[in-house]
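> next one to model:
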Amino acid sequence: MNEISEADMLEAIRYAHEAIKKQCAVQLELMKEAGTEVKREYSHEQNDEELKKLVSINPMVKFLTLLQLVFQNMKDIMPWIF
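Residues are numbered from 1 along each chain as shown. Model (predicted):
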């Protein structure tokens, strides 16, 4: 099995963390140079009701259409059931 020791993993995480901190510092410096020190607001909830309807109704419409076709074919193939 290919595993590394916990100490090696911790060292790798610390190394990556230091690299990420340098990248963040550069990003902040670029923001200042560009004159955009204000961070953008995050809006978690942006609901598109029309999209929600399409996503929730469309699969049901497809299923019901398929079911209707199946029953129609069953009537043609096995009329004694209906």
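> hey, where'd the helices end up in the chain?
6-34, 49-77 (DSSP state H).
> mean pLDDT lowest for which of the ones you listed?
Mean pLDDT across the helices of the chain is lowest at helix 49-77; the value there is a mean of 74.
> phi, psi of the spatially most central residue of the chain?
Geometric centre of the chain, nearest residue: residue 44, 13.4 Å, by C-alpha atoms, centre = their mean. Backbone torsions for residue 44, taken as degrees, to the nearest 10, come to phi -70, psi -40.
> what does the pLDDT read for it?
72.
> show me the domain layout of this protein.
Under the assignment automatic domain parsing, the domains of the chain span 1-37, 52-82.
> mean neighbour count added to those, as TSV?
In short, each C-beta sits where N, CA and C put it, glycine included. Formatted as TSV, these follow (neighbours: other C-beta atoms under 10 Å):
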stretch	mean neighbour count
domain 1-37	9
domain 52-82	10
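> re earlier: any chance of JSON lines for the helices of the chain, columns distance to residue 40?
Below are these laid out as JSON lines (distance: least, C-beta to C-beta, whole Å):
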{"stretch": "helix 6-34", "distance to residue 40": "11"}
{"stretch": "helix 49-77", "distance to residue 40": "23"}
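> returning to that earlier point: tell me who's in contact with the residue nearest to the centre of the chain.
Applying C-beta atoms under 8 Å, 6 or more residues apart in numbering to residue 44 gives no contacts.
> how near is it to residue 14?
32 Å (C-beta to C-beta, to the nearest Å).
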